[in-house]
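Engineer: model the structure of this input:
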Amino acid sequence: MPLVRRLSILLLAGLLASCVAATPTTAPSSLDLTDEHLLDQLGAPVFGDVAWERTVDDLTVVGSRPHPDPGELELLTAALREIPGALMDQARPREMIRISSALEEEQVGKAVAFTKGPDIYLVDRTFDPHGSGTTRLDLARALAHEMGHVAQFMALDPVYIQAVLDGELERVDPADGSRLVRDFAAASGWTDTSSDPLHASWHLDGPAATDYGATGPAEDMSESIAMVVMGRANWIPDNHSRWVEDWLGTGSAKLAAGKPWIPAGSTEVLSAQDLYDVDGVTTAAPGVKHRGAHYFELPADIEDHLVFEPDLEHQLAQRGLFGTFARVDMQDVPHYEGLFARSDGVRFWVELWDFRGTGPDNPNVPLLAYVELW
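Structural biologist: Now for the predicted structure:
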């Protein structure tokens, strides 16, 4: 999973004062990727160091520590409820496994979780990716990404599997051996330039879903899935989002239900300080247990706030998030805020700041904030 870049906007804080092989598929039909012996041969044995086991939203979750963390289980339950059923049907993991840290070879790039075969592994970093904890939506995005990898593994070409069993390959790489990755690649501009049917060499003609997705079609596919199910299909190339829709048999609009809406061309940013009206949230949602803030720099050429604010309210209503904005001017900076709720009781505190033209010391872009409340 890619991490968003860090932002420090001290001015605003002050204002607030708070993975298919190219070989034809002619392998034995008896290869069953739910068979534990076969999975063991493919490097994905059943996790053995189990100290506890729980069922979370019909998924088996196990851990190696003496006891599960109740807060983590609560967050995991909430995050799984953000995953559309269409994705769960296609990419349900065998187990979700909580360990302290990943093996060195699994710590790829900026990943906050990883898969091994049909299992998703959660590590310390999963629950504290930036040093300040993770949010319900952050974890849901990571899980959606990893479910993409689970689906890739479960679509390994039998010919590729046989090559592993015959000792021609040391380890399984869905980027080389998954029919699902090949299908996504063909639809999204990736080309395999390798002459070796067991080792792909991928080249992309056109943009990827994210910078991390540009590292290869397996990651691009998982990033595309995560972006679509988190309501950001408008952020990624059309051919990527269409593939996800076709694969899941569901349109992007339905998959985005209940999720925040952010205009295309926006950039998600991080801040060590709260960049939202903390007192306003406390008044509007007293006693709420969980708050998770997400900040987005909007494109500088987006409509004037007088036009964009009612459009934002309309877009949220289209996704089943109902509420209204009130305008609050602070030091001549146009500022809107409001509480939006969806049918399951989850609420979002939403703020829009438009710094454009408000002075040389201010950023010349609008800022959109979503605070998930549950």
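Engineer: could you look up the SS state of the nearest residue to Leu75 once chain neighbours are set aside?
Structural biologist: Of all residues not flanking Leu75 in the chain, Leu139 sits nearest, at 6.1 Å (Cβ to Cβ, 6 or more residues apart in numbering). (C-beta placed from N, C-alpha, C; glycine too.) Assigned with DSSP: H, G, I helix; E, B strand; the rest coil, Leu139 falls in the helix class.
Engineer: show me what contacts Leu139?
Structural biologist: Leu139 makes contact with 75-76, 78-79, 126-127, according to Cβ atoms under 8 Å, 6 or more residues apart in numbering.
Engineer: can you redo these as CSV with pLDDT?
Structural biologist: Conversion of the contacts of Leu139 to CSV gives the following (pLDDT from 0 to 100):
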residue, pLDDT
Leu75, 97
Leu76, 98
Ala78, 98
Ala79, 98
Thr126, 93
Phe127, 92
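Engineer: among these, name the ones in helices.
Structural biologist: Using DSSP state H, the members of those that fall in helices are 75-76, 78-79.
Engineer: between which two of those residues is the distance greatest?
Structural biologist: Leu76 and Ala78 (7.3 Å; Cβ to Cβ).
Engineer: ok so, going back, whichever of the contacts of Leu139 end up buried, select them in PyMOL.
Structural biologist: Buried subset of the contacts of Leu139, written as a PyMOL selection, criterion 16 or more other Cβ atoms under 10 Å:
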select buried, resi 75+76+78+79+126+127
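Engineer: for this protein, what spans make up the helices?
Structural biologist: Under DSSP H, the chain gives helices at 10-16, 36-41, 70-80, 85-91, 136-154, 158-165, 174-177, 179-188, 217-229, 238-248, 252-255, 278-284, 305-318.
Engineer: quick one: those as CSV, columns for distance to Val333 too.
Structural biologist: CSV is the format used below for the helices of the chain (distance: least, Cβ to Cβ, whole Å):
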stretch, distance to Val333
helix 10-16, 7
helix 36-41, 56
helix 70-80, 33
helix 85-91, 39
helix 136-154, 26
helix 158-165, 57
helix 174-177, 47
helix 179-188, 40
helix 217-229, 30
helix 238-248, 34
helix 252-255, 33
helix 278-284, 15
helix 305-318, 10
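Engineer: got the contact list for Gly251?
Structural biologist: With Cβ under 8 Å, 6+ apart, Gly251 has these contacts: Glu245.
Engineer: how does it look with 10 Å?
Structural biologist: 228, 233, 241-242, 245 (Cβ atoms under 10 Å, 6 or more residues apart in numbering).
Engineer: and for Gly131?
Structural biologist: 125, 272.
Engineer: same check, this time on the one 3 residues further on
Structural biologist: Remark: with contacts taken as Cβ under 10 Å, 6+ apart, Thr134 is in contact with 72, 75, 79, 112, 125-128, 140-142, 292.
Engineer: again, only using 7 Å
Structural biologist: Residues counted as contacts of Thr134 (Cβ atoms under 7 Å, 6 or more residues apart in numbering) are 126-128.
Engineer: what is the burial count for Lys289?
Structural biologist: 7 (other Cβ atoms under 10 Å).
Engineer: got it, and Asp238?
Structural biologist: By other Cβ under 10 Å, neighbour count at Asp238 equals 10.
Engineer: again, but for Leu255
Structural biologist: Leu255 has 21 nearby residues by other Cβ under 10 Å.
Engineer: same question, Ile262
Structural biologist: Count around Ile262 with other Cβ under 10 Å applied: 21.
Engineer: repeat for the one 3 residues further on
Structural biologist: Residues near Gly265, counting by other Cβ under 10 Å, number 13.
Engineer: ok, and the closest non-adjacent residue to it?
Structural biologist: Leaving out its chain neighbours, the residue that sits closest to Gly265 by Cβ to Cβ, 6+ apart is Pro299, at 4.1 Å.
Engineer: follow-up on the earlier one: which ChimeraX command selects the buried ones in the contacts of Gly251?
Structural biologist: Buried residues within these, by 16+ other Cβ under 10 Å, are selected in ChimeraX with:
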select :228,233,241,242,245
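Engineer: low-confidence bits of the chain, can you list those?
Structural biologist: 1-30, 103-110 (pLDDT under 70).
Engineer: residue contacts, the residue nearest to Gly265?
Structural biologist: Pro299 touches 263, 265-266, counting by Cβ under 7 Å, 6+ apart.
Engineer: tabulate the residues you listed (CSV), appending distance to Pro363.
Structural biologist: Listed next are these as CSV, based on distance: Cβ to Cβ, whole Å:
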residue, distance to Pro363
Pro263, 16
Gly265, 16
Ser266, 14
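Engineer: relative to Thr126, how far out is the most centrally placed residue in the chain?
Structural biologist: Nearest residue to the geometric centre of the chain (Cα atoms, centre = their mean): Arg141, 2.1 Å. Separation of Arg141 from Thr126 (Cβ to Cβ, to the nearest Å) stands at 12 Å.
Engineer: ok, back up a step: rebuild the contacts of Thr134 as TSV, extending it with distance to Ala86.
Structural biologist: Below are the contacts of Thr134 laid out as TSV (distance: Cβ to Cβ, whole Å):
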residue	distance to Ala86
Thr126	24
Phe127	26
Asp128	30
